[in-house]
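Engineer: What follows is a predicted structure for the sequence shown.
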Amino acid sequence: MTTKRGLITDSFKVVKKARRLRGKRERRPSPPPQQEAETKTIREDELQRLRQFDLDWRFGPCTGISRLQRWERAKLHGLNPPEEIRELLLQTHTDPQYNLSLWSEYPI
Amino acid sequence: MFSDLSAQKEGSSLLCRPASENQGPVFERMLLAYSPCCERFKAGERSFGRQYAHIYAARLMQMRPVLSARAQQKWGTDVLIRKLCDMETGEQCCIVGTLFKRMDLQPSILKEISEEHNLLPQPPRAKYINESDELILEDELQRIKLEGKIEKDKCVTGSVIAIYGAERTDGKFTVEDYCTADLPLQPTRPELSSDRFVLLASGLGLDSSQGDSMLGLQLLVDMVTGQLGDLGEQSGAATISRVILAGNLLSQSTQDKEASIKAKYLTKKTQAGSVDAIRVLDELLLQLVASLPVDVMPGQYDPTNYTLPQQPLHRCMFPLSSAYPTLQLEHNPYQANIHGVRFLGTSGQNVCDIQRYSSMDSHLEILEETLRLRHLAPTAPDTLGCYPYYQKDPFILEDCPHVYFSGNAPTFESKLLKGPDGQEVLLVTIPEFSSTQMACLVNLRTLQCEPVSFSSFCTDEDEECEMNVSH
């Protein structure tokens, strides 16, 4: 019975090769290293501020809701959340790294 | 009162010849302005991906300013209001937080499925309180065990209170006094020149296999629509301007639990038990809505969602009566202004749940307690199903109702409660109609309430076979 079935590696060999190739292709059109480092630090800085906002216990739990929803709840209950967080979130509302909380990748 | 209005005045008009060919006097039904205020109970997005931590956080955020003000009112403006994290041992202070009662007997799904314990599932109990229960107060960050002058059996999980006392060296907090949010402010009630009534009924308990027990219900319908009694009673019926049916329109037996366990091919041709019951309900409602506006709230056993707030029953279930604009399918909890008189109430799930998890037994007492806690259902989401809100807790009372009711109570009770700021609230527990054959009438002018009994031929009580429509 077992001999009739093909080996599992037969179907997965191809994928492994393809992934290596894709990795190489992506790396090629990347911006020059200096510019990349600059944008990276700004982004890092913004994300760091947002993470600090997530960890501020005064505004309630942060899992399961977006950062903007949490900001608005805090505003509604008069807890004076920082205004610049809202501006930052509104500017970058398409980026999931910005608008979802620190723990969003963990399953509940 | 209604009984005085409908009492026979000069002789009965029943045992005499009809006056003339035309049908005699016509009593015009008195209708009142009505505006539902149920926006906060309407389901918007239905996302169940959140945890319940948010609803507790929102509850505490909303209640903290109210309770801080109450604490200052009670213990002086210089009272030290602390968070648990900055409290020092031995310091007299006030803390605002959410109560949590740790209960050994409380059923827990995790305990039951845990293989290590190998426990049998606990049988359902009437009460889950026990000697070993512990009261714990939680704020945003920490929790502390409570001892002292606080009745742990009376308190329930989820209530937000302010406590006054000091922390001892062993880490427990000795409560000297505590206060609740108490009654919110009340909008003024307009004066009415004459008596107007709203009929409250709950727990009709319809199912497919009843015929003779419908008599009481039919008498109720006939009384309201003015087809019962003599001219005096009919003129009284005309002053009933609205009917509120507070849940459990269908009986528990219509919920066929077996159907969900059985294989599909076995239940293919069987009909759900609720289909016939809904048809009976539709016919009953048709008689009522043809005559006056009716608000229908769903209850625990009705075909809608289980979690609070329950959404209205769907119109398509009532093909006959939904043609009338007088049929109002409402949410549970129910909130509306009837001629400026604010009604707020539930079908009784919140009260029954508190009864199970506290030492309080009287539905009226529990109803008053929820009003003092300023929260409709403090035990939600702990032991009562509730939608995972994140922004606001819709069950917090923002203003004080004039009539506050809960349905499906074992007996009729009512009380006029007077608040410290001149609030007047009528508390009513609406008896379950199927077991008591009773409904109640609220007078909007005086805020008085009286029961109406339709007890009739009872199958189990042979002695009392007299038909009795008493007020």
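Structural biologist: Done, it's in. Numbering: from 1, shown residues only, chains lettered A, B, ... in the order given.
Engineer: which bits of chain A sit near chain B?
Structural biologist: Neighbours of chain B within chain A, by Cβ under 8 Å from any Cβ of the partner chain: A:57-58, A:60-61, A:63-65, A:69, A:72-73, A:76-79, A:108. From N, CA and C alone the C-beta is placed, and that goes for glycine too.
Engineer: which residue sits closest to residue B:38 in space, ignoring its chain neighbours?
Structural biologist: residue B:331 (4.8 Å; Cβ to Cβ, 6 or more residues apart in numbering or on different chains).
Engineer: Neighbours of that neighbour, how many?
Structural biologist: 24 (other Cβ atoms under 10 Å in any protein chain shown).
Engineer: what does residue B:177 give?
Structural biologist: The burial count for residue B:177: 15, using other Cβ under 10 Å.
Engineer: just checking, it touches residue B:70?
Structural biologist: No: if you go by Cβ atoms under 8 Å, residue B:177 and residue B:70 don't touch, sitting 11.8 Å apart.
Engineer: hmm, back to that, max pairwise distance over the residues of chain A next to chain B: which two?
Structural biologist: A:78 and A:108 (28.4 Å; Cβ to Cβ).
Engineer: Could you pick out the longest helix of chain B?
Structural biologist: helix B:53-75 (DSSP state H).
Engineer: oh, I was asking about chain A
Structural biologist: helix A:33-54.
Engineer: what's downstream of it, the next helix or strand?
Structural biologist: helix A:67-76 (DSSP states H and E).
Engineer: elements contacting that next one?
Structural biologist: In terms of contacts (3 or more Cβ pairs under 8 Å, 6 or more residues apart in numbering or on different chains; DSSP states H and E), helix A:67-76 is packed against helix A:33-54, helix A:83-91, helix A:96-99.
Engineer: which residues are contacting it?
Structural biologist: A:50, A:53-54, A:58-60, A:62, A:65, A:80-81, A:85-86, A:89-90, A:93, A:98-101, B:58, B:61, B:390-392 (Cβ atoms under 8 Å, 6 or more residues apart in numbering or on different chains).
Engineer: Sort out which of those residues are buried, if you could.
Structural biologist: Buried by 16 or more other Cβ atoms under 10 Å in any protein chain shown: A:50, A:53-54, A:59-60, A:62, A:65, A:81, A:85-86, A:89, A:98-101, B:58, B:61, B:390-392, out of these.
Engineer: what separates residue A:41 from residue A:47, distance-wise?
Structural biologist: According to Cβ to Cβ, to the nearest Å, residue A:41 stands 11 Å off from residue A:47.
Engineer: who's more crowded, the two?
Structural biologist: Taking other Cβ under 10 Å, residue A:41 and residue A:47 do not tie; residue A:47 has more neighbours (16 against 10).
Engineer: Give the full set of residues in contact with the more buried one.
Structural biologist: Per Cβ under 8 Å, 6+ apart, neighbours of residue A:47: A:97-98.
Engineer: Point out where the chain drops to low pLDDT.
Structural biologist: No chain was given, so I picked chain A. A:1-5, A:8-35, A:108 (pLDDT under 70).
Engineer: wait, chain B
Structural biologist: In chain B (pLDDT under 70), the answer is B:1-13, B:17-24, B:115-122, B:208-213, B:256-260, B:264, B:266-270, B:456-471.
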